[in-house]
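Peer 1: Make a model of this:
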Amino acid sequence: MTLVSAFVPIWILTAAGYAACRWGLLGEAAASVLGRFVFHLAMPAALFLALARMPLSGFAGRSLLAFGVSTVAVIGFGWVGASRLFGREPGERPIWGMTAGYVNSANLGIPIATQVLGDVSFLAAVVLLQVLVVTPVILVALDRHCDPHGRVRVRRIASLPVRNPVILASLLGVACSAAGVRLPSVAAAPLALLAGAAVPAALVALGASLHRTAPSRAAEPAEPAEPAELPGPAELAVISALKLVAQPIVAYAAGLALHLSAPQMLAVVVCAGLPTAQNTFIFAQEYGVGETVANRAVVATTTLSLATVAAAATLLG
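Peer 2: Numbers count the residues shown, from 1 in each chain. Okay, here's the model as predicted:
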């Protein structure tokens, strides 16, 4: 039942966002406004504080390499397969790949790591890998998609950390950690308040977006808006299989090749089997691509991962 307690707040807050939007309590722009609040304010504050307090010594080792192999393999397969299997447009492919291989290392990862693994030391390395390596690659691809001519401009990419609050906050957090800088309370207190809003606001925005994009809306135009945008059951099944089955299996195979110990293998496989992070939806919403794929993938994988993570923990623990 300890695993259930980690998932219940996610389901409740997502349902609350859906209900509030359905009952007209937040207005029609609720999902967009909340998403931009999370992307530009709350998420950068949370990432900065987490990375500033996190020792960088864990950003190495065979365990992280095994996890990284699984992440690259599954995101890469999803990135390419989104087009070949489901006809997704170029701008949607990074989001599709992210839904398949970017794990929820924050609000789900921390309680699960605490309850299943006993500590969060390996999860800290996972956070660093995703924030410092995977996230910039995804955001560069999305930034390129936003260019009218689809060009990769060196100057634009070089300025991405300044223009993108997620990357900028992550880099500043790592710099503070490396330098041993501690913020004064007058600066840390407001950042902590913003950081505390990141997860609940993202989940409420996720729930609100599920109502906003529901195909049964009475005001839906007669002509099909974007037929390729709405994911079908087969597409969600493939995403869920990649995220919850393929990624842990690849991580396990990489762990065997790297001769990981039993505790290391458990940590790698459990973290690889975490569901899709709600950051995927926030990024999709910010760049205006793949929003429905992202929000449905987050809900589907979060729901199913309760069983798959428990199974992995039982088999390996």
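Peer 1: and Gly61, how many neighbours?
Peer 2: Gly61 has 15 neighbouring residues, counting by other Cβ atoms under 10 Å. C-beta: built from backbone N, CA, C; applies to glycine.
Peer 1: Enumerate every residue touching it.
Peer 2: Counting by Cβ atoms under 8 Å, 6 or more residues apart in numbering, Gly61 touches Ala125.
Peer 1: separation between it and Leu258?
Peer 2: 9 Å (Cβ to Cβ, to the nearest Å).
Peer 1: which neighbours do the two share?
Peer 2: Common neighbours of Gly61 and Leu258 are not found (criterion: Cβ under 8 Å, 6+ apart).
Peer 1: what helices or strands is the host helix or strand of Ser305 leaning on?
Peer 2: Taking DSSP states H and E as the definition, Ser305 sits inside helix 291-316. Helix 291-316 sits against helix 2-22, helix 93-101, helix 185-212, helix 233-241, helix 262-272, helix 279-287, with contacts defined as 3 or more Cβ pairs under 8 Å, 6 or more residues apart in numbering; DSSP states H and E.
Peer 1: if you compare the ones you listed, which one is most tucked away?
Peer 2: Most buried of the helices and strands packed on helix 291-316 by mean neighbour count (mean count of other Cβ atoms under 10 Å) is helix 93-101; its value is a mean of 29.
Peer 1: Tell me the gap between it and the middle of its chain.
Peer 2: 10 Å (Cα atoms, centre = their mean, to the nearest Å).
Peer 1: Stretch 265-278 too?
Peer 2: Worked out by Cα atoms, centre = their mean, stretch 265-278 lies 12 Å from the chain centre.
Peer 1: So for it, mean pLDDT?
Peer 2: The average pLDDT for stretch 265-278 rounds to 91.
Peer 1: now the end-to-end length of it.
Peer 2: Start-to-end span of stretch 265-278 (Cα to Cα, to the nearest Å) is 25 Å.
Peer 1: Equivalent analysis for stretch 104-122, please.
Peer 2: 14 Å.
Peer 1: change the start of the numbering to 536 and stick with it
Peer 2: Sounds good: first residue 536 from here, last item stretch 639-657.
Peer 1: Spell out for me which residue occupies the centre of the protein.
Peer 2: Ala812 (2.6 Å; Cα atoms, centre = their mean).
Peer 1: The helix holding Ser840 versus helix 768-776: what angle between them?
Peer 2: Relative orientation of helix 826-851 versus helix 768-776 (axes from the mean of the first three to the mean of the last three Cα atoms, to 10 degrees): 40 degrees.
Peer 1: Run the chain-centre distance for helix 826-851.
Peer 2: 12 Å.
Peer 1: Between helix 797-807 and that helix, find me the angle.
Peer 2: 160 degrees.
Peer 1: Quick check: mean pLDDT of helix 826-851?
Peer 2: 87.
Peer 1: so the residue lying closest to Pro629 once chain neighbours are set aside is in which element?
Peer 2: Residue nearest to Pro629 in three dimensions, not counting chain neighbours: Ala676, with 4.2 Å by Cβ to Cβ, 6 or more residues apart in numbering. Element membership of Ala676 [criterion: DSSP H and E] is helix 670-681.
Peer 1: how about that helix: buried residues?
Peer 2: Residues of helix 670-681 classed as buried under the neighbour-count rule (16 or more other Cβ atoms under 10 Å) are 670-671, 673-680.
Peer 1: Stretch 613-632 too?
Peer 2: Result for stretch 613-632 [16+ other Cβ under 10 Å]: buried residues 613-614, 616-617, 621, 623, 626-632.
Peer 1: Take these and write them to TSV, including pLDDT and distance to Ala601.
Peer 2: Compiled in TSV, the buried residues of stretch 613-632 are given as follows (pLDDT from 0 to 100; distance: Cβ to Cβ, whole Å):
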residue	pLDDT	distance to Ala601
Gly613	89	19
Trp614	89	20
Gly616	82	22
Ala617	78	25
Phe621	76	29
Arg623	79	29
Gly626	78	31
Glu627	84	29
Arg628	87	25
Pro629	90	23
Ile630	90	25
Trp631	90	24
Gly632	91	19
